[in-house]
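**Student:** Let me see the structure of the following:
(chains A and B)
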Amino acid sequence: MLIQANNLTKSFVNDEIVTPVLNGLTFNIGQGEFVAIMGPSGSGKSTLMHILGLLDRPTAGQYFFEDREATKLDDDELAGLRNRKIGFVFQSFNLLPRTTVLENVMLPLTYAKPKEAPESRAKRILESVGLGHRLNYFTNKISGGEKQRVAIARALVNDPAVIFADEPTGNLDSKSGVQIMEILQRLNNSGNTIVLVTHEAYTSEHAKRIIQIKDGLIVNDYEVKHRRLAQDGEMLK
Amino acid sequence: MIEFCEQCFKTSIGALLANKGRSFLTMLGIIIGVSAVIVIMAVGAGAQSLIINQVKSLGTNIIGILPGASEDVGPPVSIMGIVITTLTYEDGLALNDKKNVPNIVDLVAYYKGMGNVSWGANSYDTNLSGTTVGYLNVEGGEVDTGRFFTKEEETNLAKVAVLGSTVKKELFGESDPIGQRIKIKKHTLEVIGVMKAKGTVAFQNNDDQVFIPLKTMQKLIAGVNHVSMMRLKIDSEENTDRAMLDVKTTLRERHDISDQSGLSDDFTVRSSVEAMAMITTITDALKFFLVAIAAMSLLVGGIGIMNIMLVSVSERTREIGLRKAVGANNKNIMLQFLLEAIIITLSGGTIGVIVGSLMAVLIWLLANFLGYNWDLSISLLSITLALAVSVSVGLIFGLYPARKASRLLPVEALRHE
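**Tutor:** Coordinates of the predicted model:
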């Protein structure tokens, strides 16, 4: 199993006041799934994504990533797993300023053991998200939709086991948002596992499965019956 | 790894270029510190060369004899104002004999004092140098007009005097002093010559004195029987040790000192070679003291770098978070920020070396223009030292900010606004 969460709990302590955020979540995500974690703001969905993405550690409970207990790994092992197995797409893009599109996409490769020529790999992936003509543009010179596509290319460059997308369309106009969802669906169709975090029911319906969260608890976990297809906004089936 | 470093290097350069003004101000501390070290080392070496060249111009083949014993480390007692009367003109005659000191070229004996010299209504306080004819040979004095006194006049109490150029100017102005009579104490002396200006050499003004035959000075003016100093010139610097031993042996024999260890000596023999070594030791100490002060500014520059690096870390917290999210481990982040600090200090150090060297050359040109015998010395040592110190400053003061950056939690760094 790719992801196994077992009674995950997370609480933050601030000035001795304990704020519980996740109150015991148990679920699995398998290879090739397209899961939307949906909930209102403050529901704990971003915190959950951070734990699943190995950026944060749970307060209690167990988390298995590819059957390895993540809670027992040290910082360097987690960094290595994030590098090889996980790709992130953030709402605010998080591209490096003053660097080119190509350099941004190559960034994860600089922390990895080289496989194939990093530059040609980064170029190929940028072409696959339709940015072959923007390779040497600086990241502050391209549009929001393009920035998010750069972020997706960066997430893909190490051929990860799972891509976490945190509100990837949140800062985009609807046309660019559709493009992003189209790419995510296409990636999923070709076998990539996608975990999408969103507060919009509309966006979540592009996934195959929705895990609904409220106040740190799973309130619903179901297969999407009428899946939206990003390409023309039509309902599937 | 090489690829990673290259990437780090590019990132660091990029970050530094993005804040050109700030990077430059940060570097300024290092630039000033390093150029100060270079300039001070160069000026120190230049000043040292100036002093040594002056001492050398007195001759490196000179042996000085002072009355009174001295500790190896301390000065002879005669310098402290204690009068010792054991050294005499006759000792000088014995030393100036190739049978006793085979390497001798010539010898000069002095009895010096201060006194008032007058000519008509003009009067002037100056140095009275009772001396011997050997002065011309040993000290390299040259007569401008008239003549120096003769070997006979040295001992026959002749009432003659030779003026230093300053004294001539003070007493006679433009008029011709040769043949005029001047008064020293109650004695009237005839001016027989004027010396050429020699200038100040090794802190001694050679022109502000009146030369009087030694015996005249001893018997008539001072009323003593001893000499206050002798200097002898030998054929070559290499024979210094041998000549010194000959001098000591001769003097011990004449003074009935059987102890050859030197502990019972009533005189002190010093060579210009020794003096040079001593001056070098003293000026070296001064030089390094100055460098130590200059190095302080490097420390201050280093603290400036730490400050800016801390600002940079907090400004780029999100970037650090992202790098960690895509797989950078703590070591990678640490290396990146350390490298940035080192690039700042190393480029600051390089600019400092260039600025400092230019300033040293400027000072060298100026000193030579003003007629000083000044050597240009920008040593490879000072450049290497300055660069090594600036890199270490970067390492030391970059360490804390880099550590702070590397320890940021990825999730908190990403959330940072």
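**Student:** doesn't residue B:293 fall inside a helix?
**Tutor:** Yes: using DSSP: H, G, I helix; E, B strand; the rest coil, the secondary structure at residue B:293 is a helix.
**Student:** dump the residue contacts of it.
**Tutor:** Residues in contact with residue B:293, defined by Cβ atoms under 8 Å, 6 or more residues apart in numbering or on different chains, are residue B:40. Placement of C-beta: from N, CA and C, glycine included.
**Student:** what do you get for residue B:46?
**Tutor:** B:360, B:363, B:364, B:367, B:374, B:375, B:376, B:377.
**Student:** Next, the contact list for the residue lying closest to the last one once chain neighbours are set aside, please.
**Tutor:** Among residues not flanking residue B:377 along the chain, residue B:45 sits closest, at 3.9 Å (Cβ to Cβ, 6 or more residues apart in numbering or on different chains). With contacts defined as Cβ under 8 Å, 6+ apart, the neighbours of residue B:45 are B:287, B:375, B:377, B:379.
**Student:** Closest to chain A out of the contacts of residue B:46?
**Tutor:** Taking Cβ to the nearest Cβ as the measure, chain A lies nearest residue B:360 of these, at 37.8 Å.
**Student:** and that closest one, what is it in contact with?
**Tutor:** Taking Cβ under 8 Å, 6+ apart as the criterion, residue B:360 is in contact with B:38, B:39, B:42, B:43, B:46, B:376, B:378.
**Student:** What are the boundaries of the helices in chain B?
**Tutor:** B:2-18, B:20-57, B:89-95, B:134-139, B:151-155, B:165-172, B:214-215, B:240-254, B:272-315, B:317-325, B:330-369, B:380-406, B:410-415 (DSSP state H).
**Student:** Save these as CSV, and put in distance to residue A:129 too.
**Tutor:** Shown next, in CSV, are those (distance: least, Cβ to Cβ, whole Å):
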stretch, distance to residue A:129
helix B:2-18, 22
helix B:20-57, 34
helix B:89-95, 100
helix B:134-139, 91
helix B:151-155, 107
helix B:165-172, 92
helix B:214-215, 104
helix B:240-254, 86
helix B:272-315, 30
helix B:317-325, 19
helix B:330-369, 26
helix B:380-406, 31
helix B:410-415, 22
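**Student:** Go ahead and flag the most central residue of chain B.
**Tutor:** residue B:48 (3.2 Å; Cα atoms, centre = their mean).
**Student:** can you count the residues close to the residue nearest to that residue when sequence neighbours are not counted?
**Tutor:** For residue B:48, ignoring the flanking residues on the chain, the nearest one in space by Cβ to Cβ, 6+ apart is residue B:283 at 4.3 Å. Residues lying near residue B:283 (other Cβ atoms under 10 Å in any protein chain shown) number 18.
**Student:** Correct me if wrong: residue B:283 contacts residue B:43.
**Tutor:** No: Residue B:283 is beyond contact range of residue B:43, at 11.5 Å (criterion: Cβ atoms under 8 Å).
**Student:** burial measure for the residue in chain A that chain B sits nearest to, as a count.
**Tutor:** Closest approach between chain A and chain B, counting by Cβ to the nearest Cβ: residue A:83, at 2.3 Å. If you count neighbours by other Cβ under 10 Å, residue A:83 ends up with 23.
**Student:** Now render the contacts of residue B:45 as CSV, adding neighbour count, distance to residue B:142 and pLDDT.
**Tutor:** Shown next, in CSV, are those (neighbours: other Cβ atoms under 10 Å in any protein chain shown; distance: Cβ to Cβ, whole Å; pLDDT from 0 to 100):
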residue, neighbour count, distance to residue B:142, pLDDT
B:287, 17, 35, 84
B:375, 16, 27, 81
B:377, 16, 32, 80
B:379, 12, 37, 81
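**Student:** which of those lies closest to residue A:204?
**Tutor:** Among these, residue B:379 lies closest to residue A:204 (Cβ to Cβ), at 71.9 Å.
**Student:** show me what contacts the closest one?
**Tutor:** By Cβ under 8 Å, 6+ apart, the contact set of residue B:379 is B:41, B:45.
**Student:** For the residue most central in space within chain A, report the pLDDT, please.
**Tutor:** Central residue of chain A (Cα atoms, centre = their mean): residue A:164, 1.3 Å from the mean position. Residue A:164 is assigned a predicted lDDT (pLDDT) of 96.
**Student:** near chain B, which residues of chain A?
**Tutor:** Taking Cβ under 8 Å from any Cβ of the partner chain as the contact definition, chain A meets chain B at A:50, A:53, A:55-56, A:75-76, A:79-80, A:82-84, A:88, A:90, A:94, A:96-99, A:107-108, A:110-112, A:114, A:118, A:154, A:158.
**Student:** excluding its backbone neighbours, what's nearest the residue of chain A closest to chain B?
**Tutor:** residue B:327 (2.3 Å).
**Student:** From residue A:183, how far out is that neighbour?
**Tutor:** According to Cβ to Cβ, to the nearest Å, residue B:327 and residue A:183 sit 22 Å apart.
**Student:** Any regions of the stretch 101-250 of chain B where pLDDT drops low?
**Tutor:** B:200-204 (pLDDT under 70).
**Student:** okay, and for chain A, where does confidence drop off?
**Tutor:** Applying pLDDT under 70 to chain A flags the ranges A:114-116, A:232-237.
**Student:** ranges for the strands of it?
**Tutor:** A:3-14, A:17-29, A:34-38, A:60-65, A:68-69, A:86-89, A:162-166, A:193-198, A:209-214, A:217-223 (DSSP state E).
**Student:** Of those strands, flag the one that's most buried.
**Tutor:** Per-stretch averages of neighbours, counted by mean count of other Cβ atoms under 10 Å in any protein chain shown, single out strand A:86-89 among these, with a mean of 26.
**Student:** contacts for that one?
**Tutor:** Against strand A:86-89 from outside (Cβ under 8 Å, 6+ apart): A:53-54, A:94, A:108, A:148, A:151-152, A:154-158, A:160-166, A:168, B:325-326.
**Student:** Would you mind measuring from residue B:118 to chain A?
**Tutor:** 84 Å (Cβ to the nearest Cβ, to the nearest Å).
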